[in-house]
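# Next come a sequence and a model predicted from it.
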Amino acid sequence: MVKRLIKITHFQILNLFIRLSFFFSILPKKINMRKSIITLFSILFLLCFTSSIMLVSCIEKKSNKNFVLTGNIKGLKRGTLFIQRIKDTILVAIDTIKIDGDSHFTSEFDLQSPQMLYLFLDRGVTNSIDNNIPFFAEKGKMNIETSLDFFTADVKITGSKNQELYDEYKKVVSRYVDQDLTLIEKKFKAIKAKKIDEVNKIEEEQKGVLKRKYLYSTNFAVNHGDYEVAPYVALAEIYDINLKYMDTIQKSMTPKIAKSMYGKKLTDFIAARKREEK
């Protein structure tokens, strides 16, 4: 944006200089040339001064917020975007962005602690379940690129280490989810065929898949105790796991993460479970 502004300004000044030079060259000789030259350079000085102010204001325009989200939704001409967070088990809007012609968007606000937020798209004309993108926000700049047709499938999120780690986690966990879905289908067919022994066998296989998922999630949280994604996974994915594993995750958190929003929530959650299970 800045480079383009410089090019246009210089071109306009040069063009004006040529036109003014030609104008003064055809003036009658009785006109004081000295005054004409002074006038010419006064105009050029004012133009340069004005363009410099425009350039400086463009360069120095910075956000005073600690979190800036930019993005683009290809194909979106009109609609409303909501940046949301979970508060007391419900989604609450932090910011609202109107899209009208330009599919690019920007949102700026202060983020107290890294946390999972949601980019919700209100398409305006149709309802769709493909309308909410979770993203792990952290202080700094983040970017979300996606498309209108495949809002969640095409998404690419950059600018967050917690998001990067969470993407890795989801990639592995999706295998366990797929395995469980396959077993559910087999179980349904076995129930329909009244094959009780096969149903029992499939249920045992499902327990094995769930156990592997929980063990992987625990190891992931323990190995990434220096990121907020660790307590988040414990709270969101394996909240009902045996308390000894929760304790292990809690102890693996660094002091910084223990003081974070999710770190505090995990500590409180473990304390509450221990009181209930006495």
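On my side now, so go ahead.
# Can you tell me the SS state at the residue lying closest to Asn131 once chain neighbours are set aside?
Nearest in space to Asn131, with sequence neighbours left out and distances taken as CB to CB, 6 or more residues apart in numbering, is Leu121 at 4.7 Å. (Each C-beta comes from the backbone N, C-alpha and C, glycine too.) Per DSSP: H, G, I helix; E, B strand; the rest coil, the secondary structure class of Leu121 is strand.
# Tell me the bridge partners for Thr106.
For Thr106, the beta-bridge partners are Thr70 (DSSP bridges).
# What's the local residue count around it?
As a burial measure, Thr106 scores 11 neighbours (other CB atoms under 10 Å).
# Verify the contact between it and Thr70 for me.
Yes. Here Thr106 reaches Thr70: they are 5.1 Å apart, a contact under CB atoms under 8 Å.
# what about Tyr227, is that helix, strand or coil?
Criterion first, three-state DSSP; result for Tyr227: coil.
# Hmm, it is touching Ile257, no?
Yes. Under the criterion of CB under 8 Å, Tyr227 is in contact with Ile257, at a separation of 6.8 Å.
# Neighbour count for these two, which is higher?
Set side by side, Tyr227 and Ile257 show more neighbours around Tyr227, with 25 against 21, by other CB under 10 Å.
# Note down every partner strand of whichever strand or helix holds Lys98 and its orientation.
Using DSSP states H and E, Lys98 sits within strand 90-100. Strand pairing for strand 90-100, determined by DSSP bridges: strand 78-87 (antiparallel).
# can you map out the helices along the chain?
Using DSSP state H, the helices of the chain run over residues 2-25, 33-59, 161-192, 196-223, 229-236, 243-252, 255-258, 261-276.
# What are the contacting residues of the strand holding Lys98?
Applying CB atoms under 8 Å, 6 or more residues apart in numbering, the contact partners of strand 90-100 are 73, 76-86, 105-107, 109, 117-118, 120.
# Which among these count as buried?
Buried members of the contacts of strand 90-100, scored by 16 or more other CB atoms under 10 Å, are Ile73, Leu76, Gly79, Leu81, Phe82, Ile83, Gln84, Phe105, Ser107, Leu117, Tyr118, Phe120.
# coming back round to it: please point out which parts of the strand holding Lys98 sit buried.
Neighbour count says strand 90-100 has Ile94, Ile99 buried, by 16+ other CB under 10 Å.
# how about low-confidence regions in this protein?
Applying pLDDT under 70 to the chain picks out residues 1-63, 124-129.
# contacting residues for Ile184?
When contacts are counted by CB under 8 Å, 6+ apart, Ile184 touches Gln206.
# My read is that Ile86 contacts Met116, right?
Yes. Applying CB under 8 Å, one finds Ile86 in contact with Met116, separated by 7.4 Å.
# Show me the common contact partners of these two, please.
Counting by CB under 8 Å, 6+ apart, nothing touches both Ile86 and Met116.
# re earlier: ok, so of the buried ones among the contacts of strand 90-100, who is nearest Thr146?
Set against Thr146, the nearest of the buried ones among the contacts of strand 90-100 by CB to CB is Ile73 (5.7 Å).
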